[in-house]
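A.B. asks: Need coordinates for the below:
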Amino acid sequence: MVETNFDWDDLRLFLAVAHHGGLAAASDASGKSAPTLGRRMLALERRLGLELFERLPRGYKLTVDGRALLNRVLDIQKTVDPLLVAVQDTAVRRVKISAGTWTTFWLCQHATALIASDPVLLQFIAADHVLDIPHREAVIGIRNQRPEHVSLAGQRIGKISFAVYAKNKGIDTWAHVLGSTPSSQWMSENRGHDDCIEVSHPRNALDLVQTGAARSVLPTFIGNATQGLIRVSEEIKDLEHTQWLVTHHDDRHLPEVRRVIDRLYAVLCS
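C.D. replies: Residues are numbered from 1 along each chain as shown. The predicted structure follows:
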């Protein structure tokens, strides 16, 4: 049976379900969701042409064929596990983090807290559009709304507020970031294009504010933390939103992803 063209991951998941006797417990152990495990076990049975489990109301019980496969896989595992451990010990795992410009800017400033001493390769993707996590354009996304896709898990981070910042209250010129973000649209609707310096990137708006050439709308977590700037308006309620940390159900229990998620949460809530 085992000599058929296999993905070892199928056998690893089979071991988890066989050992725990059900999908829910195996989900915690394997890092795969229960529906994913159910689909993978059904596909394995169809590939082998065998019924490996009895689906009972309270779990999965191995059939005679299932126990035979289990014994053979355990024999293979004795050889494969040492090889996998050796590879994992030297591997550097890439975790792609997608966020807007300002959140990415903040994360880069706190990158050492995200890396710690783990062999994790971080890839920051600064994008004001939403990357497709179900198709793995990113592993973790920082979003402005709760995820609705069935395959995505979301963790609420907190409230993001915006206000106007400048070096002093006497600066009347505005730095206007061209684009389709809510803050750019707010600028267009409330300030027009008179007495503005237009820039194509949000970071350049901060540059102009820091030089004293203009005032601009900034997230309060950026404006309050930037030395030499003062807030010259109340918080802009129209721009206030909740931030969510989003990842795929199948990825969120992977050890390297879990560690980065926990550290992201700590950095973004600090």
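
A.B. asks: who's in contact with stretch 165-181?
C.D. replies: For stretch 165-181, contacts defined as C-beta atoms under 8 Å, 6 or more residues apart in numbering pick out 100, 128, 183-184, 187-188, 191, 193, 195-202, 204-205, 208-218, 223, 226, 228-232. Where you see a C-beta, it was placed from the backbone N, CA and C, and this is true even at glycine.

A.B. asks: Kindly check the end-to-end length of that stretch for me.
C.D. replies: 18 Å (C-alpha to C-alpha, to the nearest Å).

A.B. asks: Please apply the same query to stretch 212-232.
C.D. replies: End-to-end distance (C-alpha to C-alpha), stretch 212-232: 13 Å.

A.B. asks: Mind listing what's buried along that stretch?
C.D. replies: A214, R215, S216, V217, L218, P219, T220, F221, I222, G223, L229, V232 (16 or more other C-beta atoms under 10 Å).

A.B. asks: Same list, those residues, but as a markdown table with distance to Y60, secondary structure and pLDDT please.
C.D. replies: What follows is the buried residues of stretch 212-232, written out as a markdown table (distance: C-beta to C-beta, whole Å; DSSP: H, G, I helix; E, B strand; the rest coil; pLDDT from 0 to 100):
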| residue | distance to Y60 | secondary structure | pLDDT |
| --- | --- | --- | --- |
| A214 | 64 | coil | 95 |
| R215 | 63 | strand | 95 |
| S216 | 58 | strand | 95 |
| V217 | 55 | strand | 96 |
| L218 | 54 | strand | 97 |
| P219 | 48 | strand | 97 |
| T220 | 51 | helix | 97 |
| F221 | 47 | helix | 95 |
| I222 | 51 | helix | 96 |
| G223 | 54 | helix | 96 |
| L229 | 59 | coil | 97 |
| V232 | 63 | coil | 96 |
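
A.B. asks: Most widely separated two among the residues you listed?
C.D. replies: By the measure C-beta to C-beta, A214 and F221 form the most distant pair in the buried residues of stretch 212-232, at 20.1 Å.

A.B. asks: taking the contacts of stretch 165-181 one by one, which sit in helices?
C.D. replies: 183-184, 187-188, 191, 202, 204-205, 208-211, 223 (DSSP state H).

A.B. asks: where's the dip in pLDDT among the residues you listed?
C.D. replies: Lowest pLDDT among the ones in helices among the contacts of stretch 165-181: R191, with 76.

A.B. asks: so what's that one closest to, chain neighbours aside?
C.D. replies: W174 (5.5 Å; C-beta to C-beta, 6 or more residues apart in numbering).

A.B. asks: Paired strands for the strand or helix carrying T242, with orientation please.
C.D. replies: Element membership of T242 [criterion: DSSP states H and E] is strand 241-248. In the sheet, strand 241-248 lines up against strand 140-143 (antiparallel), strand 152-160 (antiparallel) (DSSP bridges).

A.B. asks: D10: which of those is closest?
C.D. replies: Here strand 152-160 is closest among these (C-beta to C-beta), at 23.3 Å.

A.B. asks: what does that closest one rub up against?
C.D. replies: Residues contacting strand 152-160 (C-beta under 8 Å, 6+ apart): 133-134, 142-144, 146-147, 219-221, 240-249, 252, 261, 265, 268-269.

A.B. asks: if you set the cut-off to 10 Å instead, what comes out?
C.D. replies: Under the contact criterion C-beta atoms under 10 Å, 6 or more residues apart in numbering, strand 152-160 has outside partners 33, 100, 102-103, 133-134, 141-148, 219-221, 235, 239-253, 261-262, 264-265, 267-269.
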